[in-house]
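*Asks:* fold the following, please.
(chains A and B)
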Number of protein chains: 2
Amino acid sequence: MTGKIDFEDRNGQLAILEKSGWHHDEDRDAISRSYRFANFSEAFAFMVRVALVAEKLNHHPEWKNVYNRVDVTLTTHSTGGLTSLDFRLAGRMDRLAGIGS
Amino acid sequence: MTGKIDFEDRNGQLAILEKSGWHHDEDRDAISRSYRFANFSEAFAFMVRVALVAEKLNHHPEWKNVYNRVDVTLTTHSTGGLTSLDFRLAGRMDRLAGIGS
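*Replies:* Numbering: from 1, shown residues only, chains lettered A, B, ... in the order given. Here you go, the predicted model:
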């Protein structure tokens, strides 16, 4: 579950995420995106919900918050690249932000 | 309360913060530091407590979290440099992290 995923799966999932606003950093093999909210309170409420998911998955984002903006980068440090955990967390974050299904 | 503070006050407060681990970025006129915690749960608990203070002060940090690390930068965007709000928030953050009095 936490290993690198196979090439086709990975490219399919990357394509879906790129359509919804994620970017793939090939050098780091990481995905990143920026979320914007109405204000700090809404941005931080999102972060609290993501924190609960991240702790449950035992997989945590790199993220930066400036007022209403949350910039996120996901990769699996132990593996040195994207794993299924990154794709799961990305999907959960988008849903919590009201993006996608 | 939110204006730039006078030169002597400011230098005195900067000196105190630099002793406790803050760094002054002269180009941005901002202060920054890094906090480390035992794990993500403790780092994020700190962030939740700081978020409540920040919202009450209506003054918010730029901050980045990677697992157990929280990197913070404080400045007052509307003024383009440090104000008393930055010094207040810095002191509150240190106390919440168990640094200083």
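*Asks:* please report how far A:N68 lies from chain B.
*Replies:* Relative to chain B, A:N68 is positioned 9 Å away (CB to the nearest CB, to the nearest Å). Bear in mind the C-beta positions are built from the backbone N, C-alpha and C, glycine included.
*Asks:* right, and that residue touches A:Y35 too?
*Replies:* No - at 9.0 Å, A:N68 does not count as touching A:Y35 under the criterion of CB atoms under 8 Å.
*Asks:* list of residues touching stretch A:37-49?
*Replies:* Contact with stretch A:37-49 is made by A:35-36, A:63, A:65, A:67-70, A:96-97, B:47-48, B:51, B:54-55, B:60, as judged by CB atoms under 8 Å, 6 or more residues apart in numbering or on different chains.
*Asks:* those residues, buried ones only, as a ChimeraX selection?
*Replies:* What follows is the ChimeraX syntax for the buried subset of the contacts of stretch A:37-49, where burial is set by 16 or more other CB atoms under 10 Å in any protein chain shown:
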select /A:35,63,65,67,68,70,96,97 /B:47,51,54,60
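*Asks:* between the contacts of stretch A:37-49, which is closest to A:G80?
*Replies:* The nearest member of those to A:G80, counting by CB to CB, is A:W63 at 19.6 Å.
*Asks:* which residue packs closest to that closest one, ignoring adjacent ones?
*Replies:* A:V72 (4.7 Å; CB to CB, 6 or more residues apart in numbering or on different chains).
*Asks:* list the contacts for the residue in chain A positioned nearest to chain B?
*Replies:* Distances between chain A and chain B by CB to the nearest CB are smallest at A:K64, namely 4.2 Å. A:K64 makes contact with A:V70, A:D71, B:E62, B:W63, B:K64, B:N65, according to CB under 8 Å, 6+ apart.
*Asks:* now it: which helix or strand?
*Replies:* Assessed by DSSP states H and E, A:K64 sits inside strand A:62-66.
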